[in-house]
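Undergrad: Got a sequence here, can you model it:
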Amino acid sequence: MARFCLQLNTGAGRNLAVASAGGTSKRKSSAIERVELPEKVKNSRVLVLGGTGRVGGSTALALSKFCPDLRIVVGGRNRDKGDALVTQLGNNAEFAQVDINDSKSLDKALKEVDLVVNTAGPFQQSEKCTVLEAAIQNKTAYLDVCDDMSYAFRAKSYMKRAVEANIPAITTGGIYPGVSNVMAAELVSAAKSEGKGEPQRLRFYYYTAGSGGAGPTILSTSFLLLGEEVVAYNRGEKIKLRPYSGMLNIDFGLGIGKKDVFLLNLPEVRSIHENLGVPTVSARFGTAPFFWNWGMVAMTYLLPAETLRDRGKVEQLVQLFDPLVRAVDGFAGERVSMRVDLDCSDGRSRIGIFSHKRLSESVGISTAAFVLAILEGSTQPGVWFPEEAGGIAIEARETLLKRAAQGTINFAMNKAPWMVETNPKELGFGIYV
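TA: Numbers count the residues shown, from 1 in each chain. Sure thing, here's the model as predicted:
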């Protein structure tokens, strides 16, 4: 099992860093450090909707390792898959057959549940926040892993209802968006505390090899996003750009290297712009092998946007491509990396890096970290984005990042780019760019 070193410096200019220290042996899963929850919540009942899927199953497994005393309910439609997962989770787990599109089924599943985690994607082109509505109605804390702009801001419109019900809720609380939002918030906070320059530009860069082991759901999400114009911000002005355009070659550092990334319409762009006040914000994503990127670009030109926004037609495309994607995943692997860059008005740049060998594992650990934060009381009543102080309290961000980063091959916060890139350029006299 790979060993790692953890360095934590508290205070306004805090740094978080995890770096691989050797060890290349294969392993089934990363060791997760057990968390001792407060007595009153240590036996909480957590319902994971979409629990028989890759993201939901990974979240349930991570929760069972973080907190074995939690009572985990795997919610889904496939009882055989659910029972198989429950066997892995142990005696504190059970399966509940749930249809998220059926209000009666949802209400029944939410009875005596303390927190519901909605991983039942894709969230694109969903017209209602049915799970959030049911959670508020049943006074159940809520978390979702939404990665869709429209859905996320529709969820935010339930703020008043959630406050009146005294229910804490977080939307976009997975790995990206989610952990990436908290990374951005920490970079902005550190920059402001130093008082040397104002945050001017923040850029999200994401990379996932193949489908990241996440199966058909990530395929559906990717195809649906290709049908959406990209919303970005330039010096405070909202702009719209062509999906999967604007290619950049980005250095993701140790274990990943340089990868091509392309513009996508992701909710953290707008939420960071509005909540953290950064004038220029954008998000890019790339995959591997390289021909998948070429294929994504081709789809934006060859297929009408209306086709790519039609969930039924996209599901047909997914069924067509899924066998090929799974075959390629066999040699492409499922490494994942996030790089968050912040540029300030004084010319300084600081970045955060988060890389893991397995997206299918890391997404569950990341989502579970949000679950623990909510159970520990870090979230106020209302509906929040992760970067908002009401979503994850400022003093709880470092703990969340430390938990989410377990098993990473590279994790660093608030560093100059040359400190984490694979081939920094030296100008001379020890000065790097």
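
Undergrad: all helices for the protein, in order.
TA: Counting by DSSP state H, one finds helices in the chain at the ranges 54-66, 79-89, 103-110, 130-137, 149-156, 159-164, 179-194, 216-225, 267-276, 290-302, 305-308, 311-332, 359-375, 397-404.

Undergrad: Compute the inter-axis angle for the fourth one and helix 149-156.
TA: Between helix 130-137 and helix 149-156, the angle formed by their directions is 10 degrees, by axes from the mean of the first three to the mean of the last three Cα atoms, to 10 degrees.

Undergrad: tell me which residues of helix 130-137 are tucked away?
TA: Residues of helix 130-137 classed as buried: 130-136 (neighbour count, 16 or more other Cβ atoms under 10 Å). The C-beta positions use only the backbone N, C-alpha and C, and glycine is treated the same way.

Undergrad: now for those, which pair is the farthest apart?
TA: Distance extremes for the buried residues of helix 130-137: the farthest pair is Thr130 and Ile136 at 11.1 Å, using Cβ to Cβ.

Undergrad: Convert the C-alpha atoms of the biggest strand by length in the chain to CSV, please.
TA: Counting by DSSP state E, the longest strand found in the chain is strand 199-209. Taking C-alpha atoms only, strand 199-209 is exported to CSV below (Å, rounded to 0.1, in the frame of the first residue of the first chain):
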residue,chain,number,x,y,z
PRO,A,199,-8.6,37.5,-6.5
GLN,A,200,-9.1,38.2,-10.2
ARG,A,201,-9.3,34.9,-12.0
LEU,A,202,-10.2,31.3,-11.0
ARG,A,203,-10.0,28.4,-13.3
PHE,A,204,-11.1,24.8,-12.7
TYR,A,205,-9.3,22.1,-14.7
TYR,A,206,-10.5,18.5,-14.5
TYR,A,207,-9.1,15.2,-15.9
THR,A,208,-10.5,11.7,-15.8
ALA,A,209,-9.1,8.7,-17.6
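
Undergrad: Kindly calculate the angle that it makes with helix 359-375.
TA: Going by the same axes, to 10 degrees, strand 199-209 makes 130 degrees with helix 359-375.

Undergrad: Give me the buried positions along strand 199-209.
TA: For strand 199-209, the neighbour count (16+ other Cβ under 10 Å) marks 199-209 as buried.

Undergrad: cool, stretch 366-379 as well?
TA: Counting neighbours by 16+ other Cβ under 10 Å, stretch 366-379 gives 366-376, 378-379 as buried.

Undergrad: swap in stretch 303-315?
TA: Neighbour-count burial for stretch 303-315 flags 303, 307-310, 313-314 (criterion: 16+ other Cβ under 10 Å).

Undergrad: ok, so of those residues, who is nearest Pro122?
TA: The nearest member of these to Pro122, counting by Cβ to Cβ, is Val314 at 8.3 Å.

Undergrad: surely the closest one meets Ser220?
TA: Yes: contact between Val314 and Ser220 holds when scored by Cβ atoms under 8 Å: they sit 5.7 Å apart.

Undergrad: Surely Ile175 and Arg358 touch.
TA: No: contact between Ile175 and Arg358 fails when scored by Cβ under 8 Å: they sit 11.4 Å apart.

Undergrad: With neighbour numbers in mind, choose between the two.
TA: Counting neighbours by other Cβ atoms under 10 Å for Ile175 and for Arg358 shows that Ile175 has the greater number, 27 against 21.

Undergrad: ok, now which ones touch the nearest residue to the more buried one once chain neighbours are set aside?
TA: Once its chain neighbours are removed from consideration, Ile175 has its nearest residue in Ser366; the separation is 4.1 Å (Cβ to Cβ, 6 or more residues apart in numbering). Taking Cβ atoms under 8 Å, 6 or more residues apart in numbering as the criterion, Ser366 is in contact with 174-175, 178-179, 404.

Undergrad: Need phi/psi at the residue sitting nearest the centre point of the chain.
TA: Within the chain, the residue whose C-alpha comes closest to the C-alpha centroid is Ile175; the distance, by Cα atoms, centre = their mean, is 2.0 Å. Dihedral angles of Ile175 (phi, psi; degrees, to the nearest 10) stand at phi -90, psi -60.

Undergrad: Next up, the contacts around it.
TA: Remark: with contacts taken as Cβ under 8 Å, 6+ apart, Ile175 is in contact with 145, 336, 338, 359, 362-363, 366-367, 404.

Undergrad: In CSV: these, plus pLDDT.
TA: CSV is the format used below for the contacts of Ile175 (pLDDT from 0 to 100):
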residue, pLDDT
Val145, 97
Val336, 96
Met338, 98
Leu359, 93
Ser362, 96
Val363, 96
Ser366, 98
Thr367, 98
Ala404, 98
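
Undergrad: Same list, the residues you listed, but as TSV with distance to Ile32 please.
TA: Formatted as TSV, those follow (distance: Cβ to Cβ, whole Å):
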residue	distance to Ile32
Val145	18
Val336	17
Met338	19
Leu359	16
Ser362	11
Val363	14
Ser366	12
Thr367	13
Ala404	11
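
Undergrad: Neighbour-wise, which one of these leads?
TA: Going by other Cβ under 10 Å, Ser366 tops the contacts of Ile175 with 33 neighbours.

Undergrad: distance of that one from Val145?
TA: The spacing between Ser366 and Val145, counted by Cβ to Cβ, to the nearest Å, is 9 Å.

Undergrad: Can you work out which residues contact both of those two?
TA: Common neighbours of Ser366 and Val145 are listed as 174-175, 178 (criterion: Cβ under 8 Å, 6+ apart).

Undergrad: Do I have it right that Phe385 meets Ser271?
TA: Yes: because the distance of 4.4 Å satisfies Cβ under 8 Å, Phe385 is recorded as touching Ser271.

Undergrad: and these two? which has more neighbours close in?
TA: For Phe385 versus Ser271, neighbours defined as other Cβ under 10 Å are more numerous around Phe385 (29 against 26).

Undergrad: which residues touch that one?
TA: 152, 156, 170-172, 181, 267-268, 271, 275, 391.

Undergrad: just Thr217 next, same as before
TA: Counting by Cβ under 8 Å, 6+ apart, Thr217 has contacts 53-55, 121-122.

Undergrad: Same check on Ala396?
TA: 373, 376, 378.

Undergrad: Switch the residues you listed over to JSON lines; also include distance to Ala84.
TA: Conversion of the contacts of Ala396 to JSON lines gives the following (distance: Cβ to Cβ, whole Å):
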{"residue": "Ala373", "distance to Ala84": "29"}
{"residue": "Glu376", "distance to Ala84": "30"}
{"residue": "Ser378", "distance to Ala84": "33"}
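
Undergrad: sorry, back to before: any shared contact partners between Phe385 and Ser271?
TA: The overlap between the contact sets of Phe385 and Ser271 (Cβ under 8 Å, 6+ apart) consists of 152, 172, 181.
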